[in-house]
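J.: can you look at this prediction? I've put the sequence above it.
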Protein chains: 2
Amino acid sequence: TAKKKLIFGDRGMTLEEEINESNKYYRSHEVAVIYKKPTPIQIVKVDYPKRSRAVIKEAYFRQASTTDYNGVYHGYYVDFEAKETKNKNTFPLKNFHQHQIDHLRMCQKQGGICFVIIKYVTLKRYFVMPADNLFQHWDAQKHEGAKSIQLQDIVDCSIEIKANYDPTLPYIDAVQQLIESGKEKQ
Amino acid sequence: TAKKKLIFGDRGMTLEEEINESNKYYRSHEVAVIYKKPTPIQIVKVDYPKRSRAVIKEAYFRQASTTDYNGVYHGYYVDFEAKETKNKNTFPLKNFHQHQIDHLRMCQKQGGICFVIIKYVTLKRYFVMPADNLFQHWDAQKHEGAKSIQLQDIVDCSIEIKANYDPTLPYIDAVQQLIESGKEKQ
Ligand SMILES: [Mg+2]
Ligand SMILES: [Mg+2]
């Protein structure tokens, strides 16, 4: 609605919508080429009506093997998952699937820039958390560690980003920081 | 069939199947992480039967905005389109869509390694053609150039790859060559 649109940084969008809008901005300004991957579908039955386009009549959702987003920025391969929570403090690790962790690990090993964008919906706070920190928490929970991450832990290890207009969510600034801090480590 | 499987380098697979098998090999051997993108589908109607998984009852194929494949190899972003022809000489440019060319151009500008894998089905020959050469032919046809590329032109500008067992199609060898020749140019 018009009223909602006036509220800066909260236009009732989901995190996915905010990232998709940002990606559009980044593509049109030649900053980065990053897309959301389509949901994988197993198609069983398709009708081909005369003089009209094909209709899928039976299909099923399939488990994705990868993360939500990937693409290229300044020669770097970028790969990330987007997650939101209504919680005000803890972020439950059950929001992640094993295949997402595995995929991020493989991409990181290949030299990709890998991370998670976490949105605290109620707090209106957004974080770019490096995949390494996610792996630490994920592995710890398997050895009697906590089943969720505390907000303060996320604050400590992540780059916080602020919702904006153009782009809606300037997460590439955080990607640039991740690249620079990676170079320092070498 | 069993007999077909014995014929080296021609197991009746489509180019897409050959690339998908190769990608599986490359992932399991930690050479590269490259996936085919799912076909984008516009979902209109979904049934949620009790005690059984969701069934998509009405959906339509959507135009993809990108190419078939992307991923990461040795820190490089890799992006390509796969095309096959039954022709024995000319490769028709109408096999490509404008959005695929645009996408490859954008990714190349961002420093990605961009190319096409072309399979001459009848000749059983496979080529990794750099995106730059594709762009040349594509742009030329718009100014009264040929509407197709001659096999000899493809031979001259591409890296030929041979079908094999593991991986089925060792196209990453060609990617490595593209990276090295790119470095020499700098
Ligand atoms: Mg997600
Ligand atoms: Mg194709």
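T.: On my side now, so go ahead. Ligands and ions are numbered 1, 2, ... in the order given.
J.: who does the residue positioned nearest the centre of chain A bridge with?
T.: Residue closest to the mean C-alpha point of chain A, counted by CA atoms, centre = their mean, is A:Ala82 at 2.5 Å. For A:Ala82, the beta-bridge partners are A:Ile117 (DSSP bridges).
J.: contact partners for it?
T.: A:Leu15, A:Glu16, A:Ile19, A:Asp68, A:Tyr69, A:Val116, A:Ile117, A:Lys119 (CB atoms under 8 Å, 6 or more residues apart in numbering or on different chains). (C-beta placed from N, C-alpha, C; glycine too.)
J.: name the residues that touch stretch A:23-35?
T.: A:36, A:69-74, A:78, A:166-168, A:172, A:175, B:65-66, B:103, B:106-107, B:109-110, B:112.
J.: let's see 7 Å
T.: Stretch A:23-35 has contacts (CB atoms under 7 Å, 6 or more residues apart in numbering or on different chains) with A:69-73, A:78, A:166-167, A:172, B:65-66, B:106-107, B:109-110.
J.: for the residues you listed, which PyMOL command selects only the ones that are buried?
T.: The buried residues among the contacts of stretch A:23-35 can be selected in PyMOL (16 or more other CB atoms under 10 Å in any protein chain shown) with this line:
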select buried, (chain A and resi 69+70+71+72+73+78+167+172) or (chain B and resi 66+106+107+110)
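J.: and which of the contacts of stretch A:23-35 is nearest ligand 2?
T.: B:Thr66 (11.0 Å; CB to the ion).
J.: out of the contacts of stretch A:23-35, which are inside strands?
T.: A:Tyr69, A:Asn70, A:Gly71, A:Val72, A:Tyr73, A:Val78 (DSSP state E).
J.: do you know how far the last one is from A:His29?
T.: So the one you mean is A:Val78. Counting by CB to CB, to the nearest Å, the gap from A:Val78 to A:His29 is 16 Å.
J.: ok, the second one next?
T.: Taking CB to CB as the measure, A:Asn70 falls 19 Å from A:His29.
J.: near chain B, which residues of chain A?
T.: Contact residues, chain A versus chain B (CB under 7 Å from any CB of the partner chain): A:27, A:30, A:32-33, A:35, A:37-41, A:53-61, A:65-66, A:70, A:72-77, A:106-107, A:109-112.
J.: name the nearest residue to A:Asp139, ignoring sequence neighbours.
T.: Spatial nearest neighbour of A:Asp139, excluding adjacent residues (CB to CB, 6 or more residues apart in numbering or on different chains): A:Gly145 at 7.7 Å.
J.: surely A:Thr168 and A:Glu16 touch.
T.: No - A:Thr168 lies out of contact with A:Glu16 (CB atoms under 7 Å); the separation is 11.2 Å.
J.: these two: which is more packed in?
T.: A:Thr168 (20 against 15; other CB atoms under 10 Å in any protein chain shown).
J.: one step back: between the contacts of A:Ala82, which is nearest ligand 2?
T.: A:Tyr69 (21.6 Å).
J.: which residues in chain A form strands?
T.: Counting by DSSP E, the strands of chain A are A:33-36, A:41-47, A:55-61, A:69-73, A:76-85, A:91-92, A:113-120, A:125-130, A:148-149, A:159-161.
J.: any chance of JSON lines for these, columns mean pLDDT and distance to B:Val155?
T.: Converted to JSON lines, those look like this (pLDDT from 0 to 100; distance: least, CB to CB, whole Å):
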{"stretch": "strand A:33-36", "mean pLDDT": "98", "distance to B:Val155": "30"}
{"stretch": "strand A:41-47", "mean pLDDT": "96", "distance to B:Val155": "37"}
{"stretch": "strand A:55-61", "mean pLDDT": "96", "distance to B:Val155": "40"}
{"stretch": "strand A:69-73", "mean pLDDT": "98", "distance to B:Val155": "29"}
{"stretch": "strand A:76-85", "mean pLDDT": "97", "distance to B:Val155": "30"}
{"stretch": "strand A:91-92", "mean pLDDT": "97", "distance to B:Val155": "55"}
{"stretch": "strand A:113-120", "mean pLDDT": "98", "distance to B:Val155": "37"}
{"stretch": "strand A:125-130", "mean pLDDT": "98", "distance to B:Val155": "45"}
{"stretch": "strand A:148-149", "mean pLDDT": "96", "distance to B:Val155": "55"}
{"stretch": "strand A:159-161", "mean pLDDT": "98", "distance to B:Val155": "48"}
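J.: lovely, talk soon.
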